[in-house]
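Chemist: next come a sequence and a model predicted from it.
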Amino acid sequence: MKKQIILAFTLLLSGLLLMAAAATDPGLPDDYWQEPSATTATAPHDWSTLEIDLHPEACAQCHAEQFNVWKSSKHAQAYSAGLVGQFPDMGHANANDCLICHAPLKEQLYTDPKVMDASIALRLKHAEGFDSDANMDATSTLPLRHSGVSCAVCHVRGWKRFGPPLKTTASLGQQNTPAHGGFTATKAFEQSQFCASCHQFPAPMAINGKPLENTLTEWKNSSFSDQGVTCQQCHMPDRKHEFRGIHDPEMVKKGLRFSLSQSKNTASLSISSVWIGHAFPTYVTPKVIVEAEARDADQKVLQHWQWEIVREVAYNNGWQEMRDTRLMPGESRQFTATPLPSTTASLHYRVRVIPDHFYKNVYRSLLADPLTPAASAHLRQASQQAEQNDYVLYEQVLEIRTDH
Ligand code: HEC
Ligand code: HEC
Ligand code: HEC
Ligand code: HEC
Ligand code: HEC
């Protein structure tokens, strides 16, 4: 009897040990985001040129699915006109401080001012930093930095590939799959923390208690974190590399619920944040404008109301927060038009999104100063693009019952 118990116990123990071995997650190397580098001095001698090539077009030869989605994301456009247009004035060392989020690999940073100038000039000729058909001959001359937050930025360190566990096995650690020496599987890719190095500033950089980028903290304080709904589950559904955000009306609509109501001489639009894992919007750069217009039977505007959803900051001897009217996760807010003029026949509600509100002003003020030709060409491009990004998110007419 005793023997049996001991035997059962030993089996249980070895079972636990086996489980522990299978479940050991190597995590990401501690310095994964500290001066990240995708290569070492020498490339693995037994790899093909395709495996050694870090350009997204090269990855696309075997990972077409990820490439074809990533290529339309903001990550693929992170080496943008609005970014590089600011560089000639800053010098290459300061520009590298911007690249730590926009194109952070050692292989992407500027080594000297000449490299920077050449790269900015080249970008004027090739606005897109890679070939969107993944044609290897077309742009193999473009430096890796032109593809911004490229595949290798998130997945490659010292030639080694890192990724989430394969969908087919839960196996963690070194995977001996074909091509590029296999890869290291870690659940770190499935966790919100993975996005933090670029989407969360450190707490000591707070302005009115909140850093300029505070997305991970906002998420941690939301019910989505308690329910285990990560950044990836919303921004990379089924591991698709979409990264859709405030620039995408459909994505924003998915996050919000609208409902209109009327009582007596009052109308109200309620906006609820139902599927946004952080403040709406999370950054200080977009602005959302809610408008209501009371019109009479002849469509004449009788009265106009306006509210803004924004975290507004200003720089004078340090950053200051002017106001924060953003919608927190789960929050509902009423935008109430009252009192309605007595001849009101209809109330027109409209919600407009200006994704690049803050940058528009930046470009405008930079363009007012003398600039190098390359800088002004890029900033004019960025400014035009930013104007085109505005959209109407919601528009609804409420017929007013004339019972008041
Ligand atoms: C010659 C083909 C080939 C090339 C080129 C290639 N890969 Fe792979 N990669 C594979 C194969 C095969 C696997 C094994 C898993 C699979 O079959 O999806 C793999 C696995 C991976 C994984 C792990 C997938 C997971 O489920 O976690 C990542 C991440 C990855 N590759 C990234 C890259 C990146 C980034 C590049 C370009 C810098 C690249 N690969 C270039 C063939 C390739
Ligand atoms: C290496 C830095 C880096 C990492 C890591 C990173 N991002 Fe980004 N992300 C950026 C930059 C830079 C931009 C802005 C690109 C641009 O428009 O120039 C961006 C843009 C975005 C946008 C679009 C924002 C908009 O304005 O519409 C979303 C959504 C996003 N990231 C989500 C994520 C998620 C989710 C993760 C983690 C899985 C992640 N990012 C990891 C740097 C990063
Ligand atoms: C901590 C990471 C980080 C750093 C450092 C950073 N950015 Fe960004 N940047 C982002 C993210 C994330 C976005 C997208 C969200 C947004 O619009 O704010 C972005 C967006 C932008 C945009 C608007 C989209 C585009 O690419 O046209 C510009 C312009 C820009 N950054 C310029 C800069 C400049 C100039 C610097 C250096 C002074 C810099 N950034 C440093 C993360 C960063
Ligand atoms: C901003 C960081 C980021 C960038 C850029 C990025 N990935 Fe990923 N990738 C991830 C994350 C995070 C996951 C895991 C998502 C999850 O588990 O929900 C992932 C998953 C993968 C997988 C496994 C997919 C699967 O279905 O199992 C492959 C393969 C891959 N990426 C390749 C690429 C390639 C190729 C590119 C460039 C075209 C790229 N990635 C760009 C962050 C990134
Ligand atoms: C429950 C789903 C959900 C989760 C979880 C989530 N997001 Fe979002 N995210 C959205 C939606 C919807 C939008 C579009 C509305 C908006 O801009 O707030 C968005 C917008 C964004 C934007 C666009 C910029 C802006 O100012 O709004 C960025 C960047 C972003 N998310 C990053 C992240 C990161 C990083 C995480 C994890 C820490 C995360 N998101 C978690 C749904 C989610």
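Modeler: Done, it's in. Ligands and ions are numbered 1, 2, ... in the order given.

Chemist: ok, stretch 123-139 near ligand 1 or not?
Modeler: No - on the criterion Cβ under 6 Å from any ligand atom, stretch 123-139 is out of touch with ligand 1, staying 10.4 Å away. All C-beta atoms are positioned from the backbone trio N, CA, C, and that covers glycine.

Chemist: what's the helix or strand for the residue lying closest to Val156 once chain neighbours are set aside?
Modeler: The shortest distance from Val156 to any residue other than its chain neighbours is 4.1 Å, reached at Ala38 (Cβ to Cβ, 6 or more residues apart in numbering). Counting by DSSP states H and E, no helix or strand carries Ala38.

Chemist: quick check, stretch 360-378 touching ligand 3?
Modeler: No - Stretch 360-378 does not reach ligand 3 (Cβ under 6 Å from any ligand atom); its nearest approach is 7.0 Å.

Chemist: can that stretch be found next to ligand 2?
Modeler: No - residues of stretch 360-378 are not located near ligand 2 by Cβ under 6 Å from any ligand atom, the shortest gap being 12.8 Å.

Chemist: now do the same end-to-end measure for that stretch.
Modeler: Its first and final residues considered, stretch 360-378 spans 13 Å by Cα to Cα, to the nearest Å.

Chemist: ok, now stretch 69-87?
Modeler: Stretch 69-87 has an end-to-end distance of 29 Å (criterion: Cα to Cα).

Chemist: same thing with stretch 292-305?
Modeler: 5 Å.

Chemist: what does it contact?
Modeler: Contacts of stretch 292-305 with the rest of the structure, by Cβ atoms under 8 Å, 6 or more residues apart in numbering, involve 267, 269, 291, 306, 335, 337, 340-341, 343-350, 400.

Chemist: how far away from the center of its chain is that stretch?
Modeler: Offset of stretch 292-305 from its chain centre (Cα atoms, centre = their mean, to the nearest Å): 38 Å.

Chemist: shaky segments in the stretch 201-350 of the chain?
Modeler: By pLDDT under 70, the stretch 201-350 of the chain has no low-scoring segment.

Chemist: OK, now which residue of it is nearest to ligand 1?
Modeler: Arg239 (8.2 Å; Cβ to the nearest ligand atom).

Chemist: wait, what's in contact with that residue?
Modeler: 164, 167, 232.

Chemist: now do Pro143
Modeler: Applying Cβ under 8 Å, 6+ apart, we find Pro143 in contact with 108, 119, 122.

Chemist: residues of the stretch 201-350 of the chain that sit close to ligand 5?
Modeler: 215-216, 219, 224, 229, 231, 234-235, 245-246, 251-252, 254-255, 275-278, 280-283, 286.

Chemist: now, which of those residues lie within helices?
Modeler: Counting by DSSP state H, these place 215-216, 219, 224, 231, 234-235, 251-252, 254-255 in helices.

Chemist: buried sites along stretch 298-306?
Modeler: Within stretch 298-306, the residues scored as buried using 16 or more other Cβ atoms under 10 Å are Trp305.

Chemist: nope, stretch 374-383 is what I meant
Modeler: For stretch 374-383, by 16+ other Cβ under 10 Å, it's 374-379, 381-383.

Chemist: ok, and what's touching that stretch?
Modeler: Under Cβ under 8 Å, 6+ apart, the answer for stretch 374-383 is 80-82, 84-89, 117, 120-121, 123-124, 127, 359-360, 363-364, 366-367, 371.

Chemist: drop anything exposed from those.
Modeler: For the contacts of stretch 374-383, a burial check counting by 16+ other Cβ under 10 Å picks out 80-82, 84-88, 117, 120, 123, 359-360, 363, 366, 371.

Chemist: from these, which is closest to ligand 4?
Modeler: Ligand 4 has its nearest neighbour among these in Ser80, at 15.0 Å by Cβ to the nearest ligand atom.

Chemist: around ligand 2, which positions in the protein sit nearby?
Modeler: Residues of the chain lying near ligand 2 (Cβ under 6 Å from any ligand atom): 74-75, 77-78, 80, 101-102, 104, 149, 153-154, 194-195, 197-199, 231-232, 235, 243, 245-247, 355.
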